[in-house]
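Engineer: quick one, fold the following:
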Amino acid sequence: QVHLVESGGGLVQAGGSLRLSCAASGRLFSSYAKGWFRQAPGKEREFVATISWNGDTTSYADSVKGRFTISRDNAKNTVYLQMNSLKPEDTAVYYCAADRARVAGKVDYEYDYWGQGTQVTVSS
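Structural biologist: This next block holds a predicted model:
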C-alpha cells in the first residue's frame with residue numbers, strides 16, 4: 001500500500017512561486033512513476049506533470065511548460081513540483097499520484113494511488 005501526502009500549497013500573488021511536496025510511504029515508491037494533477041472549482045481534474053521512476057523522463061501540460069518543474073528524491077520518498085511565474089488560472093487543488101508503472105502518461109485513470117490534495121490560490 002502506498003500513501004501520499006501533499007504539502008506546500010497556499011496563497012501567493014501572481015508572478016510568485018510555490019514548491020509542492022508529496023511524501024510517500026511504501027517500500028516500492030522509488031519504482032513508481034509519479035504525477036501531479038489539479039482541479040479548479042467547477043472544472044474536471046487535469047494533468048500537470050509526470051516523472052518516470054528514475055527521473056529521466058518528464059512531461060508537462062502545455063499550460064505549465066516552462067514555468068513548472070517536476071522532480072523526485074527517491075532517497076526521501078518525495079516528489080516535488082516547483083511552480084514559478086504563477087498565474088490566477090493556476091488556482092486549483094493539486095493532487096499527487098503514483099503509477100505502479102515505471103513511466104506514466106497524462107491520463108488520471110492510469111494512476112493507482114492518490115493524495116488528498118493541497119490548495120493553491122494565486123491572486124491577481
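Engineer: what's the closest non-adjacent residue to residue 124?
Structural biologist: Take residue 124 and drop its neighbours on the chain: the residue closest to it by Cβ to Cβ, 6 or more residues apart in numbering is residue 88, 4.8 Å away. Where C-beta positions appear, they are placed from N, C-alpha and C, glycine not excepted.
Engineer: any idea how far that neighbour is from residue 60?
Structural biologist: Separation of residue 88 from residue 60 (Cβ to Cβ, to the nearest Å) stands at 19 Å.
Engineer: so which of the two has more stuff around it?
Structural biologist: Using other Cβ atoms under 10 Å as the criterion, residue 88 and residue 60 rank with residue 60 on top: 19 against 11.
Engineer: hang on, that one packs against residue 82?
Structural biologist: No. Between residue 60 and residue 82 there is no contact under Cβ atoms under 8 Å: 11.8 Å.
Engineer: joint contacts of these two?
Structural biologist: Common contacts of residue 60 and residue 82 (Cβ atoms under 8 Å, 6 or more residues apart in numbering): 68, 70.
Engineer: quick one: the strands in the protein?
Structural biologist: 3-7, 10-13, 18-25, 33-39, 46-51, 58-60, 68-73, 78-83, 92-99, 113-114, 118-123 (DSSP state E).
Engineer: give me the most central residue, this protein.
Structural biologist: residue 36 (2.4 Å; Cα atoms, centre = their mean).
Engineer: what sits against that residue?
Structural biologist: Applying Cβ under 8 Å, 6+ apart, we find residue 36 in contact with 20, 22, 48-50, 70, 79, 81, 94-97.
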